[in-house]
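1. coordinates only, sequence not included:
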DNA sequence: TATGAATTATTCTATAATGGAATTGTAAGA
DNA sequence: TCTTACAATTCCATTATAGAATAATTCATA
């Protein structure tokens, strides 16, 4: 039945190597997804962690600047900040020079949470990269950093922050 | 003002190297997103392309099997298949042995579309990996394939297919 | 072969996420 | 003082999504 010269469909040839670009997206999405899973244990989503991470590097930033940095609409950032503030991880401080603006700051509790996030990230990395030698891990990191830089990606800013919050926020009833 | 021993917050030290696991997720998401952009030129989303891709390897598969393969709810797969069918890229053939099941097949037009997708993917890969030598590209591919295999990721199945369709489906009015 | 359980595809529905348009309060310039 | 610009927030309409319900069919077995 199967004509020669055509692909043999009778036994799906699943062994093909995927294109590098596909592997990159596939493994990256897997890593992100698993990281999100781990974050649930401390009641946060990936966007939340991205905010804390960036707030540590850019304290006193305004909401608009942060939204711009994370490529996120202000209207989407607000509820995420509300979450973090209600958990006591950040505070919106009044700006004495311009009362329209809020200066965002990590609280001590927020810094502790960030330490937890870093530990979770380390554990996660260890698990995901377990198939690689230390040397290979270094190589991978060096290559990826080069790609990120050449593609104009800002350090610490995940494109996925721009969508999906995804954390079962505890019902406030 | 700045106390030694503490991090200097006055000029955000954006130069830190990101953790490898973060780079992986970041660059991967970037690659996926850019690929999605390119797919718009042929009116398809990434899940659509994933379906076509997998249908080529597993012709005559049922919808349930496909949904399971792509880690997607059947109720989400149905409208995606509707899109592809209305564009004439796939067909749902009647299964003579079990009239509950549909056997999914690419049409010739669907195969042509898949060829376009492959070309788009090649162009995309070339652009994203332009900072790397051929040797480095091979190394990256080898490393990523090892990670994918060790993490139990099926070839050709992107975890992100499970959500987001994201294509301006033309209004059917 | 009749009857009930299981299976496939589909549709329905309630909830949630999202982008963009108001809205409110404040600042700055003419 | 007006008027315009801007920051944060709220509102709203649209879309996406998971999961339940439905309809048609097959299967198991009494």
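-> Structure's in. What do you need? These figures come from a predicted structure and were not determined experimentally.
2. so where's chain A uncertain?
-> A:1-15, A:164-173 (pLDDT under 70).
3. that one: helices as residue ranges?
-> For chain A, the helices defined by DSSP state H occupy A:20-39, A:46-57, A:63-69, A:74-86, A:108-128, A:134-150.
4. mind putting those in a markdown table, mean neighbour count included?
-> Yep, even glycine has a C-beta here, placed from its N, CA and C like the rest. As requested, those are exported to a markdown table (neighbours: other C-beta atoms under 10 Å in any protein chain shown):
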| stretch | mean neighbour count |
| --- | --- |
| helix A:20-39 | 23 |
| helix A:46-57 | 22 |
| helix A:63-69 | 16 |
| helix A:74-86 | 16 |
| helix A:108-128 | 15 |
| helix A:134-150 | 17 |
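5. what parts of chain A come near DNA strand D?
-> Proximity of chain A to DNA strand D, by C-beta under 7 Å from any atom of the strand, involves residues A:62-65, A:74-75, A:78, A:81-82, A:92, A:100-102.
6. ok, now with 10 Å
-> A:61-68, A:73-82, A:85, A:92, A:95, A:98-104, A:163-164 (C-beta under 10 Å from any atom of the strand).
7. just checking: which of those residues also lie near DNA strand C?
-> Near DNA strand C, by the rule C-beta under 10 Å from any atom of the strand, you find A:73-80, A:95, A:98-101, A:163-164 out of the residues of chain A next to DNA strand D.
8. widest-spaced pair of those?
-> Spatially, the most separated pair among these is A:99 and A:164, at 32.8 Å (C-beta to C-beta).
9. these two: who's more crowded?
-> Between residue A:99 and residue A:164, counting by other C-beta atoms under 10 Å in any protein chain shown, residue A:164 is the more crowded of the two (13 against 8).
10. residue A:131: neighbouring residues, count only.
-> By other C-beta under 10 Å, 15 other residues sit near residue A:131.
11. near residue A:17, how many other residues are there?
-> Residues near residue A:17, counting by other C-beta under 10 Å, number 11.
12. nearest residue to the residue of chain A found nearest chain B other than its sequence neighbours?
-> Residue nearest to chain B within chain A (C-beta to the nearest C-beta): residue A:28, separated by 1.4 Å. The spatially closest residue to residue A:28, leaving aside those adjacent along the chain, is residue B:28, at 1.4 Å (C-beta to C-beta, 6 or more residues apart in numbering or on different chains).
13. surely that neighbour and residue A:33 touch.
-> No. Under the criterion of C-beta atoms under 8 Å, residue B:28 makes no contact with residue A:33, lying 10.6 Å away.
14. and residue A:18, how many residues sit next to it?
-> A count of neighbours around residue A:18, defined by other C-beta under 10 Å, yields 22.
15. how close does it sit to DNA strand D?
-> From residue A:18 over to DNA strand D the distance is 23 Å, taken as C-beta to the nearest atom of the strand, to the nearest Å.
16. please report phi then psi for the nearest residue to that residue once chain neighbours are set aside.
-> Leaving aside its sequence neighbours, residue A:18 sits nearest to residue B:155 (C-beta to C-beta, 6+ apart; 5.4 Å). Backbone torsions for residue B:155, taken as degrees, to the nearest 10, come to phi -60, psi 130.
17. what residues are up against residue A:94?
-> Residue A:94 makes contact with A:102-103, according to C-beta atoms under 8 Å, 6 or more residues apart in numbering or on different chains.
18. that one bridge partners, please.
-> residue A:102 (DSSP bridges).
19. any idea how far it lies from residue A:103?
-> Distance, residue A:94 to residue A:103, using C-beta to C-beta, to the nearest Å: 8 Å.
20. now do residue A:150
-> Separation of residue A:150 from residue A:103 (C-beta to C-beta) stands at 34 Å.
21. check residue A:51 too.
-> Relative to residue A:103, and taking C-beta to C-beta, residue A:51 is found at 14 Å.
22. do residue A:160 as well
-> With C-beta to C-beta as the criterion, residue A:160 and residue A:103 are 27 Å apart.
23. so between those two, which is more surrounded?
-> Legend: neighbour count by other C-beta under 10 Å for residue A:160 and residue A:103, higher for residue A:160 (24 against 17).
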